[in-house]
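Asks: Requesting a structural model of the entry that follows:
(chains A and B)
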Amino acid sequence: MTALTQSQFFQQLKKYYTFYTGGFIAFVIVLAILEQMGLSPRWIGYIFLAATISLYAGIGVMSRTADVSEYYVAGRRVPALFNGMATGADWMSAASFIGMAGTLYLSGFDGLAFVMGWTGGYVLVALFLAPYLRKFGQFTIPDFLGSRYGGNLPRTIGVVAAIICSFTYVIAQIYGVGIITARLTGLEFQIGVFVGLAGILVCSFLGGMRAVTWTQVAQYIVLIIAYMIPVVWLSVVHTGNPVPQIAYGQVLQKVTLKENELNNPATALGAAEASARAAFKAQQASFEARIAALDEAVAAGNGAALLEAQRTEAGSPADFPATPDALKAQWQKSADGAKAKTGPVAAHATPFAGKGAEKKLLKDNPDASAAEIAAAQAEDQQASNDKRRNFIALVLCLMVGTASLPHILMRYYTTPSVREARKSVFWSLLFIFLLYFTAPALAVLVKFEVYNNLVGLPFSSLPAWVENWQAVDATLMKIVDINLDGIVQLAEITIGGDLIVLATPEIAGLPYVISGMVAAGGLAAALSTADGLLLTIANALSHDVYYKMIDPKASTIRRLAISRSLLLVVAILAAYTASLKPGDILFLVGAAFSLAASAFFPALVLGVFWKRANYLGAVIGMLAGLGVCMYYMYITYPFFGGVPANEWFAIKPIAAGVFGMPIGFLGVIIGTLISRAPSLEIQQLVDHVRYPSLEGDIETRAT
Amino acid sequence: MQLSERHQEYWRKNLRITAILLAIWFVATFVVIYFAPQLNQIVIMGFPFAFYMGAQGSLIIYVLIIWFYARRMNQLDLEYGVHEGEE
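Replies: Numbers count the residues shown, from 1 in each chain, chains lettered A, B, ... in the order given. As a prediction, the model looks like this:
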């Protein structure tokens, strides 16, 4: 293939992937026909899993390489368009594919922070990083820090930070692979994790970045088709318009009208809703009374006796809590669960809703004094302002984090030129945009379906998809008739966010083969991201630590051998951690963005835009940024023993980067100004990265 | 190696384009969010305006910013003779 010119290469790729896309669609159609002929869902699941994973493995084997530049940066000849697709798949993880629409369904406007944050970051990639990193043209992000600031310390801090953010992120991906494989085939979660791991390894092990790139392009095509088809169909069913992104404005209006009706006890629907809420309130009170009784018994030394009595009353189930504390925790959870159902329906499109203190006051006490009303209004305003501040902080962290995550930045080393790198960022965001501007439409369409076609149904005739998902997983779908009127009320439905994407094909009345395709799309999203992350970690260790610091004279064969063994070790370590099902995985993913933003962004950007920035500045800036960010998470996040009372300006720990980043910038500036300007060679390096081509230029490209 | 006056000018232009595009990015993101409750009073095709921006409008602006930057900078490379040779 090396004999081909760049444009011939591009034409050839276009031919291959067009053929591949057609093949994938034909494959789905054949399965659909087989389903009509009686192929069972279980087999459809197996076939999807086996077919897609062996396809990715096939690409991986075909792209095997023994060339260092091919292994680390795919030979630097990935055309902008294809690098865009690969970046899209690299970027969109299981959280984007499956979780995003669910978050939007559950939190409405406030969930848009993820949509904006995970797209707007590419503006920063385009303006501040991609073209310059491409001109620099080495293999990893710590490479840039090492050359720009000199010495091993900036490189080492870069390696450590890259590993911290990529490892937390990759665990979440492998976890997602396990869940999806388990759901698709009925295998156990742990087995699913290792099947998925095999899928990841076959493609990155032999071919490194080259194999990962061409697999990611294939995975992007699968995931975008899988995401679009059910949403388009649902839109046709509900609105007659096959462009859901336009059509859902009308649907959103209907949803808003319905929300008002549900919240107005004067209407029939609102009255039924109020009765369900009252029933939940009673349930909450009953659990709270039981907790109080338990506390009293424990204080009097009779805790164990009460626990025994409760156990007998419950019929002594095997999973009954073993200690009074555990029983209390269980009751507290039930009380909180009931409490969550007692409030009014949140309006989908309304930003930063207050606590509803004023409404509550006027309901409880219609003759409240002007001072009391003013106090309640102030409380609402305060809650709303806090939400807005957190929204802004989160968007900023996600955006800057996007522009700092090494596995994304690394992709821009693979284009043939600076010119192509700039275009490639455009294609990346365009391909990501396709999914991200569809997710809010999907959330609204499913909400419409639930509000109109599920609420008000008798319990005796629930739709099949509700029954199915209730049987599969009660955390995803649960309906209980709390007020015993035999009719479904909105407050009686509990929906888990992940349900939205997974159940859409069934809600839209599509055959099972589409459900299988959606699961395969989720698998593609998780696998492609995991591929990119694992490669980032293994490369940081093999290239930056081993080759650059330990043995710069290592032979090519040795470097690749080390890289491959590390890939294997890291992958197994990550899969093992994921198979333990660590809690708070979503927090860890969000934390990766804040950490990356605080550690990398200031040093990378000032490295290009401020010639004076030097060694000491980079070291202080990166350490201080990372340090402040980690410290803030440590003092505020319960998982590490922190408490929310420690929050600064009521900012949640997930947005800790909002403090780490400015400190990072300040650190670089102060550290730089108190020490000498960098050497002439380094200043030349800065000029070198600023201009796509200079006469008498130095050469930094690694080979 | 000494940078010529034209090289300096190229870099200044690049900084100006970058600053302008960053300002647009800032308005499309943070100003919109800050005034979201007020902007939501305006309804277009069924969409409250701030909701529309967060779910679609700002995203389109981001795509356009990057498209424009790539086009403009690739032109500027040619104008100032700092473009790369064909590979």
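
Asks: helices or strands up against the strand or helix carrying residue A:358?
Replies: Using DSSP states H and E, residue A:358 falls within helix A:357-364. Counting contacts by 3 or more Cβ pairs under 8 Å, 6 or more residues apart in numbering or on different chains; DSSP states H and E, helix A:357-364 packs against helix A:370-402. (Each C-beta comes from the backbone N, C-alpha and C, glycine too.)

Asks: before we move on, the earlier item: angle of the helix holding residue A:358 against helix A:370-402?
Replies: Here the directions of helix A:357-364 and helix A:370-402 differ by 140 degrees (axes from the mean of the first three to the mean of the last three Cα atoms, to 10 degrees).

Asks: Give me the buried positions along helix A:357-364.
Replies: Buried residues in helix A:357-364, defined by neighbour count with 16 or more other Cβ atoms under 10 Å in any protein chain shown: A:357-358, A:361.

Asks: neighbouring contacts of stretch A:324-334?
Replies: Under the contact criterion Cβ atoms under 8 Å, 6 or more residues apart in numbering or on different chains, stretch A:324-334 has outside partners A:283, A:287, A:290-291, A:294-295, A:297-298, A:303-304, A:306-307, A:310, A:321.

Asks: Flag every buried residue along that stretch.
Replies: Within stretch A:324-334, the residues that count as buried by 16+ other Cβ under 10 Å are A:324, A:327-328, A:331, A:334.

Asks: what do you get for stretch A:688-695?
Replies: Within stretch A:688-695, the residues that count as buried by 16+ other Cβ under 10 Å are A:688-692, A:694.

Asks: From those residues, list the ones also adjacent to chain B.
Replies: Contacts with chain B within the buried residues of stretch A:688-695, as defined by Cβ under 8 Å from any Cβ of the partner chain: A:690-692, A:694.

Asks: Just checking, which of the residues you listed comes out lowest on pLDDT?
Replies: The member of these with the lowest pLDDT is residue A:694, at 81.

Asks: Nearest residue to the residue of the stretch 51-200 of chain A found nearest chain B in space, please, no chain neighbours.
Replies: Closest contact between the stretch 51-200 of chain A and chain B, by Cβ to the nearest Cβ, is at residue A:112 (3.6 Å). Closest residue to residue A:112 apart from its sequence neighbours, by Cβ to Cβ, 6 or more residues apart in numbering or on different chains: residue B:54 at 3.6 Å.

Asks: can you pull the contacts of the one you found?
Replies: Taking Cβ under 8 Å, 6+ apart as the definition, contacts of residue B:54 comprise A:109, A:112, A:115-116, B:32-33, B:36.

Asks: which one of those residues sits closest to residue A:430?
Replies: Of all those, residue A:115 has the smallest distance to residue A:430: 15.2 Å, by Cβ to Cβ.

Asks: average pLDDT for the helix or strand hosting the closest one?
Replies: Assigned by DSSP H and E, residue A:115 belongs to helix A:112-124. Mean pLDDT, computed over helix A:112-124, is 95.

Asks: how distant is the helix or strand just after it from the center of its chain?
Replies: Counting by DSSP H and E, the element after helix A:112-124 in chain order, helix or strand, is helix A:130-136. Computed by Cα atoms, centre = their mean, to the nearest Å, the chain-centroid distance of helix A:130-136 equals 27 Å.

Asks: Extract the C-alpha trace of helix A:130-136 and format it as PDB.
Replies: What follows is helix A:130-136 as a C-alpha-only set of coordinates in PDB (Å, rounded to 0.1, in the frame of the first residue of the first chain):
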ATOM      1  CA  ALA A 130      -4.500  19.800  16.900                       C
ATOM      2  CA  PRO A 131      -2.500  21.700  14.200                       C
ATOM      3  CA  TYR A 132       0.400  22.500  16.500                       C
ATOM      4  CA  LEU A 133       0.700  18.900  17.900                       C
ATOM      5  CA  ARG A 134       0.600  17.600  14.300                       C
ATOM      6  CA  LYS A 135       3.400  19.900  13.300                       C
ATOM      7  CA  PHE A 136       5.400  18.700  16.300                       C
END
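
Asks: Would that helix count as contacting chain B?
Replies: Yes: against chain B, helix A:130-136 shows contacts by Cβ under 8 Å from any Cβ at residue A:131.
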